[in-house]
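Novice: Model the following, please.
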Amino acid sequence: MFSLRNPPSPTPPNKTFAFKKLRIPSRANRANAARSKTKLPCSGHNSCGRNAVSVSGGGAGGGAGRTPFRATDQDGDGPNRHGFVHGIAVLAITKIVLPMGSTARAEDSAPKSLSIIVPVLNEEQCIESIINYLKNLDPMPAEIIVVDGGSRDKTVNIARRLGVTVLLSQRGRAKQMNAGAGKSKGEHLCFLHADTEPPKDLVRAVDRALADRRVVLGGFVSYVDHNGRPFVFSTLNSLLKTWYVPFPFRPLSVVRGLRILFGDQALFCRKSDFQHLGGYNEELPIMEDADLCIRMHMEGGADFKSQNLKGRGHVRLVLNRVARTSGRRIGDWGAMKAMVIYNIIGLNWYFGASPEKLHELYNRLYKDSHR
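Specialist: Got it, this is the predicted structure:
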């Protein structure tokens, strides 16, 4: 859904980018092969399982040397019928999209503390999986805060049993995320959906991105799949809408650093900047993420004046890291229906629909129990 409103070592130049059982020659090797009229090596299929994507490369601030993406299945071998499609999609990101990104370097020191805030509602099917995943991040976050909005299942009991901080809040993602931020102890915040897996080096990636004081908010490339099936169209659309959504209406803001990001991209920011702005708009039942992007861009960081920083705050999409998110709604609706629904809500919000109108649209169009 989208809308608008008011240091790893460098990759050698001739190195072949490789997936498991899939070798894709670099530009120099392709040129040599063309001159010698030899056939390029390409055989087999890579593997890709639900928990299979491992994205390696420079951190959010280490844009100088990006090592290749590697996709394997859960056991490390064995072909998957979606592997080739997934491999091509990831290759497109690494070879075309990544060079577009600009990142800031950070010192190789201990990263600042990060609090991960997970708003939930009836998520007993995936809450254990995401908590265990977050506990294995490297380095580990300072804390994991689960904020429940009134679940009727076992979500709260499971979260408490796993030893994370559990807060009870009024229903509504904006309210839940504000409640979690208010109780957090970290210098940095990451707001994460229960069905989204951030990069394994989340803490350091966030730290490197926020090393640039102009960056007030950020997120990662969203890779969408469901039950092992990659949604290539939705993944590419989620990536490109970061630019094409704001540009027609706010082209100058885009030049100045505005990007439109959403919750399935694992949004992160400094706690001081989030508090300075007043957090999420709790009147909004939906589109709270896009609203936050625009407001943080316009306001800038809490220390912009003291640091003598001019211009708007930058909202950054970290292009060399992936957040893997479930396409369960897209799987139920279909990609085109999902896009129509997202556009209906997004356009209503952008053109000034009241919170009551957005509530009515939200309740009418979203029928699942996770809203």
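Novice: contacts, neighbours, all on C-alpha from now
Specialist: OK.
Novice: in the chain, which spans are helices?
Specialist: 27-36, 83-92, 127-135, 155-161, 173-183, 202-209, 232-244, 251-255, 271-277, 288-299, 328-333, 335-350, 355-365 (DSSP state H).
Novice: could those helices be laid out in CSV, adding mean neighbour count?
Specialist: Converted to CSV, the helices of the chain look like this (neighbours: other Cα atoms under 10 Å):
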stretch, mean neighbour count
helix 27-36, 13
helix 83-92, 19
helix 127-135, 17
helix 155-161, 16
helix 173-183, 22
helix 202-209, 26
helix 232-244, 17
helix 251-255, 15
helix 271-277, 18
helix 288-299, 21
helix 328-333, 14
helix 335-350, 16
helix 355-365, 14
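Novice: pretty sure residue 265 is touching residue 217, no?
Specialist: No - judged on Cα atoms under 8 Å, residue 265 makes no contact with residue 217 at a distance of 11.5 Å.
Novice: ok, back up a step: columns distance to residue 120 and mean pLDDT on top of the helices of the chain, output as a markdown table?
Specialist: Compiled in a markdown table, the helices of the chain are given as follows (distance: least, Cα to Cα, whole Å; pLDDT from 0 to 100):
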| stretch | distance to residue 120 | mean pLDDT |
| --- | --- | --- |
| helix 27-36 | 46 | 52 |
| helix 83-92 | 29 | 58 |
| helix 127-135 | 8 | 97 |
| helix 155-161 | 8 | 97 |
| helix 173-183 | 8 | 97 |
| helix 202-209 | 20 | 97 |
| helix 232-244 | 22 | 87 |
| helix 251-255 | 32 | 93 |
| helix 271-277 | 20 | 96 |
| helix 288-299 | 15 | 94 |
| helix 328-333 | 15 | 72 |
| helix 335-350 | 21 | 79 |
| helix 355-365 | 17 | 81 |
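Novice: looking at the ones you listed, which is closest to residue 316?
Specialist: The minimum distance between residue 316 and the helices of the chain falls on helix 202-209, with 7.9 Å, by Cα to Cα.
Novice: can you give me the angle that closest one makes with helix 127-135?
Specialist: Comparing the axes of helix 202-209 and helix 127-135 via axes from the mean of the first three to the mean of the last three Cα atoms, to 10 degrees yields an angle of 60 degrees.
Novice: elements contacting helix 202-209?
Specialist: Contacts defined by 3 or more Cα pairs under 8 Å, 6 or more residues apart in numbering; DSSP states H and E place helix 202-209 against no helix or strand at all.
Novice: And residue 156, how far from residue 123?
Specialist: Applying Cα to Cα, to the nearest Å, the value for residue 156 to residue 123 is 9 Å.
Novice: so residue 177 makes contact with residue 149?
Specialist: No - between residue 177 and residue 149 there is no contact under Cα under 8 Å: 10.1 Å.
Novice: so what's residue 191 bridging to?
Specialist: Beta bridges link residue 191 to residue 117, residue 267 when assigned by DSSP bridges.
Novice: OK, contacts around it?
Specialist: Each residue near residue 191 by Cα atoms under 8 Å, 6 or more residues apart in numbering is listed here: 116-119, 177, 263, 266-268.
Novice: Enumerate every residue touching residue 178.
Specialist: Contacts for residue 178 were tallied using Cα under 8 Å, 6+ apart; they are 279-280.
Novice: Residue 333 versus that one, what's the distance?
Specialist: Residue 178 sits 30 Å away from residue 333, going by Cα to Cα.
Novice: now swap in residue 269 and tell me
Specialist: As judged by Cα to Cα, residue 269 and residue 333 stand 32 Å apart.
Novice: Check residue 317 too.
Specialist: 27 Å.
Novice: Pull out the buried residues from the contacts of residue 191.
Specialist: Buried members of the contacts of residue 191, scored by 16 or more other Cα atoms under 10 Å, are 116-119, 177, 263, 266-268.
Novice: Fine, thanks again, bye for now.
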